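1. Predicted model, plus sequence, below.
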Amino acid sequence: MQKRLTKSKDKVISGVFGGVAEYFGWDKAWTRIGGAALILCTTFPGLLLYIIAAIVMPEKNRHDDTLDGEFHKP
């Protein structure tokens with residue numbers, strides 16, 4: 001299964017930083033703190049990049065949580 005960068009279902013605002021943390025295997029809290037610091041330090045460019053990522057990143061669908069093609073019936 002190919003790893004994809006998607007928004008996290010564990011959202012604070014739009015799930016961008018949670019999705020980045022899940023993709024790289026980082027701690028979500030530290031990723032969000034670092035992302036917030038980046039936005040605050042760069043102001044407009046950081047906020048613009050966050051908004052673009054929130055629009056462009058796909059939502060995680062329900063099949064992304066399955067392991068190795070293991071499907072569960074609802």
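-> Yep, that arrived.
2. hey, let's count contacts and neighbours off CA atoms from now on
-> Noted.
3. continuing past the longest helix anywhere in the chain, what's the next helix or strand?
-> Counting by DSSP state H, the longest helix found in the chain is helix 28-42. Sequence order places helix 44-56 as the next helix or strand after helix 28-42, per DSSP states H and E.
4. Output that next one as PDB, nothing but the C-alphas.
-> Only the C-alpha atoms of helix 44-56 are listed here, as PDB (Å, rounded to 0.1, in the frame of the first residue of the first chain):
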ATOM      1  CA  PHE A  44       1.400  36.100   5.400                       C
ATOM      2  CA  PRO A  45       3.500  33.500   3.500                       C
ATOM      3  CA  GLY A  46       3.000  30.900   6.300                       C
ATOM      4  CA  LEU A  47      -0.800  31.500   6.500                       C
ATOM      5  CA  LEU A  48      -1.100  31.400   2.700                       C
ATOM      6  CA  LEU A  49       0.700  28.100   2.500                       C
ATOM      7  CA  TYR A  50      -1.500  26.700   5.200                       C
ATOM      8  CA  ILE A  51      -4.700  27.800   3.400                       C
ATOM      9  CA  ILE A  52      -3.400  26.300   0.100                       C
ATOM     10  CA  ALA A  53      -2.600  23.000   1.800                       C
ATOM     11  CA  ALA A  54      -6.000  22.900   3.400                       C
ATOM     12  CA  ILE A  55      -7.600  23.300   0.000                       C
ATOM     13  CA  VAL A  56      -5.300  21.000  -1.900                       C
END
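5. For that helix, which helices and strands make contact with it?
-> In terms of contacts (3 or more Cα pairs under 8 Å, 6 or more residues apart in numbering; DSSP states H and E), helix 44-56 is packed against helix 16-24, helix 28-42.
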